[in-house]
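Undergrad: Turn this into a model:
(chains A and B)
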Amino acid sequence: MVDYLNNLEITQIFYEIANLLEIKGHKFRSRAYRRAAQTIETLPETLLDISKRGELEKIPGVGFNIAAKIQELLETEKLKYLKRLRREFPKGLLSLMEIEGIGPKKALILYRKLNIDSIDELEVAVKQGKLRDFKGFGEKTEKNILRGIAMFRRGQERILLGYALPIAVKVKDMLEMCSAVKKVSLAGSIRRRKETIGDIDILVTSEEALKVMDYFVTLPQVNRVMVQGETKSTVFLSNDFKVDLRVVEDRSFGAALQYFTGSKEHNIQLRELALKKGWKLSEYDLQDKKSGRILAGENEKSIYNALELDYVEPELRENRGEIKKALEKKLPRLVRYNEMRGDLHVHTEWSDGFNTIQEMAMGAKRLGLEYIAVCDHSETLRVAHGLSGEDLLRQLEKVRNINREIEEFTVLQGVEVNIKTDGSLDIEDQILNEMDIVIASIHSGFKQSKEQVTDRLLTAIHNEYVNVIGHPTGRLINRREPYQVDLPKIFDAAAEQGVFMEINAFPNRLDLSDIHSQNAKDSNVKLTIGSDAHKIDQLGFIELGVAVARRGWLRPEDVCNTLTVEKLKKVLRR
DNA sequence: GCCGTTTTCGGCCCGACTGTTTTCAGTCG
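TA: Residues are numbered from 1 along each chain as shown, chains lettered A, B, ... in the order given. Have a look, this model is predicted:
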């Protein structure tokens, strides 16, 4: 069988073309390729399927020419156009643009004048003072480039949401204590609850911007000030996090929050919408271009409504069709953070956790939850002290006792059963039958072929005692790629069998991802959210799972955790 | 290269900050 290029591979190719065109100075053509790449990145189906229907040109941002290039890529796995472009510039030229402060113009000068096409060569050239003579390069630029290179080498990894969020909230709290500050809000990707964060964006309103800036750049956590202006400053915290602060007046709070929250693509769409009405949207307000009359700005909702859109929740602002739905007034009512009644995946000291069942239960109760599912590891996961069938029955006894003691709270007895490399489970059916909930997960054999992994999961789904597939793709953000698996096939089987897919809320998992969760829902699969907490203070991770669910357009009825424990028990009976 | 409730041609988001200029280009978000 021929292996066709997948959407992601084609996306990468279009991004490369966009970068190369940018260097060549073809600003708008470059933007066209970038836009097409962004759209393709989030398509729910493969380009191959779309091309078979002859509907490539129906994809937003894909016209006659790009459609032809997709076709060529699908048929030949190559692209003559890219080959020609690559011949004009060495590969390393693009890497120069990875350095903060170097864009297409400077990269091209470096290449044309000094024949520099790698970061290493750039470093040498700067140190030898070879850049100084060129227009636009000076002493400061040299310093900035060296710093940019150091930063690049320290790692370009994005920060996990679960790690960045508490730190961002801390900085926000500090700003609230400044007397010159009126309102504070997180903005940017952290407000959209993206799974990873590039930097922390915070918006403040104040009539005394300079005072706020002085306060901000001298916070104890601040290590280095990168930019300090009247309305905008950038600093690095001692843990290397970059924090951007913007200050505006109260009357611009909504417009600024909207602008500063992004995503960039969402904003561009919004501003184009405004333009069509003869208006202009900026971070200060929405105004009529001719008369200069201000139509909205103080709050976000008024801006969306003025544009005849329903309010779009920050988690949806990724230009994945939310603007169209908002125009049609058909956005889903997203599941809310306070609608979680339970946590459907926690560990205890019985396997590799650090707290007792009671401690986890009390911790969850303090968070306002009504139940938890204790799902410790099973026998063959030796590294995690997996439980045998006998252990599980003993644990069940313990759980029954605890439930008699605790009021207004329920501990569900479950297990995270291991799916072995042949697809069988490592706990007998008759024991699984005793459990309130059975999560089946893959913890080994990540390198198996797509067919093998898919078959393993299908076998598990068809086991009548399995309720949930745990962390269905096995990825670890920044650490491990997901295993190869045919998710559409898995979702179809799960829908048919009444098996749920987990959104594992552990910070470096977030698995399923937002887009996959949306795909699952679209295949009529319900989802469960589990913190996968191994100690009490990890129970709060459940919030990250809700964030994924919201970013995946899930409604309360799509998420099992919104059910009361009685109703949940019913749906867990297959 | 794409796209159309201003347009099939002529636009394509908007503004802040920096560094190198002496009025602005480049970069970033």
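Undergrad: May I have the predicted confidence score for the residue in chain A that DNA strand B sits nearest to?
TA: Residue of chain A nearest DNA strand B, by CB to the nearest atom of the strand: residue A:138 (1.9 Å). In this view, the C-beta of every residue, glycine as well, is placed from N, C-alpha and C. With respect to pLDDT, residue A:138 scores 85.
Undergrad: In contact with the residue most central in space within chain A, which residues?
TA: By CA atoms, centre = their mean, chain A has its centre lying nearest to residue A:195, at 2.9 Å. Shown in contact with residue A:195 (CB atoms under 8 Å, 6 or more residues apart in numbering): A:160, A:161, A:477, A:510, A:513, A:514, A:548.
Undergrad: Skipping adjacent residues, who's closest to the residue of chain A closest to DNA strand B in space?
TA: Leaving aside its sequence neighbours, residue A:138 sits nearest to residue A:132 (CB to CB, 6 or more residues apart in numbering; 7.1 Å).
Undergrad: same check, this time on residue A:163
TA: residue A:507 is the one closest to residue A:163 (CB to CB, 6+ apart), at 6.2 Å.
Undergrad: Name the residues that touch stretch A:381-398?
TA: Outside stretch A:381-398, the residues touching it (CB under 8 Å, 6+ apart) are A:350-352, A:357, A:374, A:376-380, A:413, A:415, A:418, A:426-428, A:431, A:434-435, A:443.
Undergrad: From those, list the buried ones, please.
TA: Buried members of the contacts of stretch A:381-398, counted by 16 or more other CB atoms under 10 Å: A:350-351, A:357, A:374, A:376-380, A:413, A:415, A:418, A:426-427, A:431, A:435, A:443.
Undergrad: what mean pLDDT does stretch A:279-298 have?
TA: Per-residue scores along stretch A:279-298 average to 87.
Undergrad: is DNA strand B contacted by it?
TA: Yes: among the residues of stretch A:279-298, A:280, A:281, A:282, A:283, A:284 lie within reach of DNA strand B under CB under 7 Å from any atom of the strand.
Undergrad: Which residues lie in contact with the fourth one in this structure?
TA: Residues counted as contacts of residue A:283 (CB under 8 Å, 6+ apart) are A:246, A:248, A:252, A:255, A:256, A:258, A:259, A:260.
Undergrad: partners of the helix or strand residue A:412 falls within in the sheet?
TA: Following DSSP states H and E, one finds residue A:412 within strand A:410-418. Note on strand A:410-418: by DSSP bridges, its sheet partners are strand A:371-377 (parallel), strand A:437-441 (parallel).
Undergrad: Put the alpha carbons of the shortest one into CSV.
TA: Read that as strand A:437-441. These are the backbone C-alpha positions of strand A:437-441, laid out as CSV (Å, rounded to 0.1, in the frame of the first residue of the first chain):
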residue,chain,number,x,y,z
ILE,A,437,-15.0,1.6,36.5
VAL,A,438,-12.3,0.1,34.3
ILE,A,439,-9.8,2.3,32.5
ALA,A,440,-7.7,0.4,29.9
SER,A,441,-4.4,2.0,29.0
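Undergrad: List the buried residues in it.
TA: A:437, A:438, A:439, A:440, A:441.
Undergrad: Would you check that the third one makes contact with residue A:346?
TA: No: counting by CB atoms under 8 Å, residue A:346 is not a contact partner of residue A:439; they are 10.9 Å apart.
Undergrad: what do the two both touch?
TA: Common neighbours of residue A:439 and residue A:346 (CB under 8 Å, 6+ apart) are A:373, A:375, A:530.
Undergrad: Show me which residues of the stretch 1-150 of chain A sit near DNA strand B.
TA: The stretch 1-150 of chain A has residues A:28-29, A:31-33, A:36, A:57, A:60-67, A:97, A:99-107, A:135-142, A:144 near DNA strand B, with proximity defined as CB under 7 Å from any atom of the strand.
Undergrad: Give me the subset of these lying in helices.
TA: Counting by DSSP state H, the part of those found in helices is A:28-29, A:31-33, A:36, A:64-67, A:104-107, A:139-142, A:144.
Undergrad: filter those to the buried ones?
TA: Buried members of those, scored by 16+ other CB under 10 Å, are A:32, A:33, A:36, A:66, A:67, A:104, A:106, A:107, A:141, A:142, A:144.
Undergrad: In contact with the closest residue to the third one other than its chain neighbours, which residues are there?
TA: Leaving out its chain neighbours, the residue that sits closest to residue A:36 by CB to CB, 6+ apart is residue A:61, at 4.4 Å. Counting by CB under 8 Å, 6+ apart, residue A:61 touches A:32, A:35, A:36, A:38, A:39.
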